[in-house]
Structures are given as C-alpha cells and as structure tokens.
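Undergrad: Need coordinates for the below:
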Amino acid sequence: MPESITKQSFRFIPYRKRDILEMCLRDGRLDSQEKAFRQLYHMLSSVFHFEFHQISESLKEAYAGIDPDTDTRTIEQPGNPERFDFVVLMSGLLEKANYERITQQDLTQALSESSLFNIRLQVDFDDFSEVLFFCRGESRKSETVKTWFGLRKQTITFTNYERVVVYIRFKDDYLQTDSTLPNCRPGATLLKLFQNVPKADLEMLFPNTRVRMRNIDKLLIGVPAVISGGIVLTTKLGASLVLLGSLFGFWLGLSNQPVELNKTALLALLAGFAALGGYLWKQFNNFKNRKLRFMQALTQNLYFKNLDNNAGVFHRLINDAEEEECKEALLAYYFLLTSEQAMTRSELDNKIENWMTDNWNCHIDFEIEDAMQKLIALKLVEQTDDRLTAIPLDAAIKRLDQRWDDYFIT
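TA: Numbers count the residues shown, from 1 in each chain. Just a heads-up that it's a prediction; the model follows:
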C-alpha cells in the first residue's frame, strides 16, 4: 500500500549521536578545532555511558523480582537492601529517551476508533491493575486500502506511533483459566516495545485481546447461511419434514391416519438429518475459518511490529536514552561554542531548532532545559544572569577528563 507521511515536532532527535557530530563538523564553524571537538564528543559519550550504566544496574535490581523470564536464583540479603520502584525508574528512563506518555484519554479514544486492519478487537481491562503506554515519534500517515472485496480503493489518514512501550501488570486476584496465556498469571508483569503502531490499533498490543466479528462479517456469513438454509429446507429436508410432521400429528392426536415407518421412510429421514448436520457443520466452519483469518492477520501484524520484550526493553531504552542525552548536550554545547555572544535559553533553543529545520529538514522540539541541566552539571557551560556561554574546548576536555577520574576515586 503506498503511503505518505506528515511529521510533527517532538523531542526525539531522529539521528544517531555520531551523525550529530558529523553534522556539526560539516557546519564549517569550528575552523581548526575539529580534532578537539571529536575528542570532546568521545569523552562526553563515555561520561554518559558510565552514568547510564548505573541506571541500568538500578533497573535490573528493581526488575529482578518481577521478571517473568528470569532463569537465576535469588538469595536473602542481610540488613535492609536498597529497594527501587521499577515503574518510577522506568518512567524516568523513558523521559530521558524522549518518550511521551499516552494518556488515558488518548487510549480511550484509540480504542473507540475503527481498526485499520478490518479487525474488531476487545480488551478486558478488569484483568489489569496497572496499564502504562508511552510513545515516541508521532506522525500523520495516509495509506490507500482496498474495500468492497478489492473493487474500490480508499485513502485513509491516521495517527501513527513509531515506537510504543507497553507496561502491564495483572491483578493479584486475576482469574487464570485454561484459555489464558502462560505468562498471564496473577500479579504478572509484561513489558513490550513495538514499532509503527497506528493509534487506532493500540488495543492489539494487549495480551488478552480477543477477536470479535464485525457487523459486516456477520452479514457476510449470515445472509448466505439464511439463503442456503432455505434451499436445504425446501430441497433436501422437504420429505423428512413432511414425514416428521405426520408422525407428530398422529402422536399428538391431530391426525387419525397412522404413519408407516418403513425402510424407505427411515432412509429419507436419516438423509434429511445428515443434510441438516452437514449444513450446520459447514456454517460453523465458515465462522471459524473467518475468525482464524482475522487471528492470522493480527499475529502477522504483531510479529513484524514487536521489537523487544521484558528485560530486553529497558536495555534497549537505556541505549536510546543515552543517545538522546548525548545528542542534546552536544548540540547545545556546539552552538554556544560557535556563537559570537552569550545567548539566553530561548535564543539557543530557537537557533538549534531552526538549524535542524533549515539544514536537515528535521522539525524537532529541542529539550533546552534538559540540555542545559546536563551541561551546567558537567561545568561545560557558564551562566551569568540569564546568559549562557560555553567554556573553550581545551578547558571542556580537561573538565571531562577530571570527571572521569573522579568516578573511580574511592
């Protein structure tokens, strides 16, 4: 299906940190400082990598008790070991990775919209005690789809999420039955990462999603069933119905004429019941086969959209967050370094956003406060009143080198 995409401005910077480095160098304003700027980039990356390693360790510790895929044993720790709230840590990590929270209102709206895959889905929210959705990279897409059995084409426009993180916790009193999934146990947690999810199809990401027949599907099965049922009744069941009517009439006293059940009559009766049984079995198979086709469409769709599961999700997100933090800090430092005068936060924010738009056709909502918080904490930027200036490259490299050494001083 051909598609068109309309991007919106969000915090996510859709380039790798190495690409941001090359983009800054190609800008041509560093003169003979390219080598020093590359060195600063590598040191800055190392600092963020070390700090995110600590975040990774905290997340692994918090997730250990709820990890459904764990294959390690646990031991009792003496004293009062530090405990972490996994949801709080995860939410902070997603914020650093520039994910946006999908509100309950957005989720309710998504569940009420028609699916793009011609499937009706149903979710039982009573199974869950906690449901959290986060997205990154929202855009408007247009696709041409076929309707009316492929006889007609229609262009539809919808909201698409490039990345969606799902965290679900089942209730402690969740009733597990034979039809539930193996991991859907009382108190179990599920953490998943998906790509390219239409907003209208968020319900397909729930573990207890059930496929339901749409009204059009019921008509496609029901109308032919009624027509063929009438044909069966009038042709193959006619003699049997007459025979049964005569028998019931005689047994109920409505007719004085006895009915003789000879071999021919019994064969006609059995043939009629066989035809009825075959007809009902055929209609049941039609219903089951159509539902299986829907399930196959849902399964294939999820197969290509699933990126990671459980512990693998936050390991991937740690890498994403580390990249985002480094990209923001590098861009902010570069533009302060190459500026002829000190700038306010607003001026710097606008300059970076306009540069990304004009030079790289990339619309972003730059996280100026987040970038400044990092650079000031690293002492790479100085602030006088509301004006910001970057320290020289040589001094910045020395400060990063000192910070790296301080990590290992006991």
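
Undergrad: CA atoms for contacts and neighbours, from now on please.
TA: Fine.

Undergrad: For this protein, which segments count as strands?
TA: For the chain, the strands defined by DSSP state E cover 3-7, 100-101, 120-122, 128-147, 152-170, 189-198, 210-212, 306-309, 381-384, 387-390.

Undergrad: any idea which of the ones you listed scores lowest on pLDDT?
TA: When the strands of the chain are compared on mean pLDDT, strand 3-7 scores lowest, with a mean of 44.

Undergrad: one step back: could you say which one of the strands of the chain comes nearest to A321?
TA: strand 128-147 (11.9 Å; Cα to Cα).

Undergrad: in that closest one, what counts as buried?
TA: Buried residues in strand 128-147, counted by 16 or more other Cα atoms under 10 Å: 128, 132-139, 141-143, 145.

Undergrad: Including distance to K171, could those go into CSV?
TA: As requested, the buried residues of strand 128-147 are exported to CSV (distance: Cα to Cα, whole Å):
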residue, distance to K171
F128, 5
L132, 14
F133, 17
F134, 21
C135, 24
R136, 28
G137, 31
E138, 31
S139, 34
K141, 36
S142, 38
E143, 38
V145, 39
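
Undergrad: Go through the residues you listed and name the one nearest P14.
TA: G137 (8.7 Å).

Undergrad: Please tell me I have it right and that closest one contacts V164.
TA: No. Using Cα atoms under 8 Å as the test, G137 is too far from V164 to be in contact (9.1 Å).

Undergrad: Just give me the neighbour total for the nearest residue to F133 once chain neighbours are set aside.
TA: Spatial nearest neighbour of F133, excluding adjacent residues (Cα to Cα, 6 or more residues apart in numbering): V166 at 4.8 Å. V166: 20 surrounding residues under other Cα atoms under 10 Å.

Undergrad: what about V166, distance to N98?
TA: Distance, V166 to N98, by Cα to Cα, to the nearest Å: 15 Å.

Undergrad: is it true that T344 touches Q383?
TA: No. In this structure T344 lies outside contact range of Q383 using Cα under 8 Å: 9.2 Å.

Undergrad: This protein: helices as residue ranges?
TA: For the chain, the helices defined by DSSP state H cover 17-26, 34-63, 86-96, 104-112, 215-235, 238-251, 263-305, 311-337, 345-360, 368-377, 393-407.

Undergrad: Tell me where the model's unsure across the stretch 201-350 of the chain.
TA: 211-295, 297-298 (pLDDT under 70).

Undergrad: residue contacts, the residue lying closest to Y63 once chain neighbours are set aside?
TA: Nearest in space to Y63, with sequence neighbours left out and distances taken as Cα to Cα, 6+ apart, is F86 at 6.0 Å. By Cα atoms under 8 Å, 6 or more residues apart in numbering, the contact set of F86 is 59, 62-63.

Undergrad: can we see that at 10 Å?
TA: Contacts here follow Cα atoms under 10 Å, 6 or more residues apart in numbering; on that basis F86 touches 58-66, 92.

Undergrad: ok, back up a step: for the residue nearest to F133, list each beta-bridge partner.
TA: With DSSP bridges as the criterion, V166 is bridged to F133, K192.

Undergrad: any idea how far L191 is from it?
TA: 6 Å.

Undergrad: what is in contact with these two at once?
TA: 132, 309-310, 313.

Undergrad: Can you tell me which of the residues you listed is nearest R185?
TA: Using Cα to Cα, those come closest to R185 at N310, 15.1 Å.

Undergrad: number of nearby residues for that closest one?
TA: Residues near N310, counting by other Cα under 10 Å: 20.

Undergrad: Could you do Y303 as well?
TA: Neighbour tally, Y303, other Cα under 10 Å: 11.

Undergrad: Quick check: the residue nearest to F133 touching M204?
TA: No. V166 lies out of contact with M204 (Cα atoms under 10 Å); the separation is 11.4 Å.

Undergrad: V47 touches L400, doesn't it?
TA: Yes. Under the criterion of Cα under 10 Å, V47 makes contact with L400 at 7.6 Å.

Undergrad: shared neighbours of these two, which are they?
TA: By Cα under 10 Å, 6+ apart, V47 and L400 have these common neighbours: L378.

Undergrad: surely C326 meets F52?
TA: No. At 11.1 Å, C326 and F52 do not qualify as touching, with contact defined as Cα under 10 Å.

Undergrad: what's the overlap in contacts for G137 and V164?
TA: Counting by Cα under 10 Å, 6+ apart, the residues touching both G137 and V164 are 99-100, 195-196.

Undergrad: any chance of those residues in JSON lines, plus distance to E369 and neighbour count?
TA: As requested, the shared contacts of G137 and V164 are arranged in JSON lines below (distance: Cα to Cα, whole Å; neighbours: other Cα atoms under 10 Å):
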{"residue": "Y99", "distance to E369": "16", "neighbour count": "24"}
{"residue": "E100", "distance to E369": "17", "neighbour count": "20"}
{"residue": "Q195", "distance to E369": "28", "neighbour count": "20"}
{"residue": "N196", "distance to E369": "29", "neighbour count": "16"}
